[in-house]
Structures are given as C-alpha cells and as structure tokens.
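In: requesting a structural model of the entry that follows:
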Amino acid sequence: MSDSYFQHHVFFCTNQRENGQACCQDYQASAMRDYMKQKVKALGLAGKGCVRINNAGCLDRCDLGPVLVIYPAGVWYTFVDNSDIDEIISEHLQNGRIVERLRLPL
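Out: As a prediction, the model looks like this:
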C-alpha cells in the first residue's frame, strides 16, 4: 500500500486570467473537472485509498492548456473533451497506464 492518503490525486488547473493571456478556464476546465469527479464517483473510485479530484489555481502551464496533473506520479495531461477524460480515467486511474497521446512534456 502507498504512503499516500489517495492512490491518485488529480489537480485540474481552473485558473481564469483577466489580462487576456491563455488560461485553462478558456477550455471549460471547471466543467471537465466536474465531469471527471462525477465519473470517478460513479465508478466507485472516489475516496480514501482511491482517487481525489480537485481544483487548482494556476499550475503555470496555461500555454499548454487545458492541463491537469496526477500525483503522486507527477504525470501532466492535456485534454479536449469528455472522451479524453474517460481515457485518462480508464487507462491511468484504473489500469496504471500513462496515456502518451495526452501526456505533456515536463
């Protein structure tokens, strides 16, 4: 068993910049976070020892946005729609496989 309270902790950048710079919220990041949270709960993956989905302030990678990061693995992803989120859930959260096509470079 991991030393972490959650097996996977997913942080969505939901930052909204007011100065016209690119930001994750321009890509409906909050709605995508809500979708993932509901899906994880429906699959019985939420809670202690499993998965936690959270908002994050600016993760400072908005130019690559939208972005999310999964800890403790430290894997960064981008996404476009619900099917990308479904693939991250299925592959990474359920089966421990990184989704290379959505992975962002470090």
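In: how far away is the residue located most distally from the centre of the chain from Gln28?
Out: Of all residues in the chain, the one whose C-alpha sits farthest from the chain's mean C-alpha position, using Cα atoms, centre = their mean, is Asn19 at 24.6 Å. Spatial separation of Asn19 from Gln28 under the definition Cβ to Cβ, to the nearest Å is 20 Å. Heads up, the C-betas are built off the backbone N, CA and C, glycines and all.
In: residue contacts, Glu91?
Out: Glu91 is in contact with 97-99, counting by Cβ atoms under 8 Å, 6 or more residues apart in numbering.
In: just Ser30 next, same as before
Out: Taking Cβ under 8 Å, 6+ apart as the test, what Ser30 contacts is 12, 14, 55.
In: quick one on the thing from earlier: by neighbours, which of the contacts of Glu91 wins?
Out: Neighbour tally across these (other Cβ atoms under 10 Å): the maximum, 16 neighbours, falls on Val99.
In: list the contacts for that one?
Out: Here Val99 is in contact with 77, 87-88, 91-92 (Cβ under 8 Å, 6+ apart).
In: buried sites along the helix ranked longest in the chain?
Out: Ranked by number of residues, the top helix in the chain under DSSP state H is helix 29-42. Using 16 or more other Cβ atoms under 10 Å as the burial criterion, the residues of helix 29-42 that qualify are 29, 32-33, 35-37, 39-40.
In: repeat that for stretch 12-30.
Out: Judged by neighbour count using 16+ other Cβ under 10 Å, the buried positions of stretch 12-30 are 12-15, 23-25, 27, 29.
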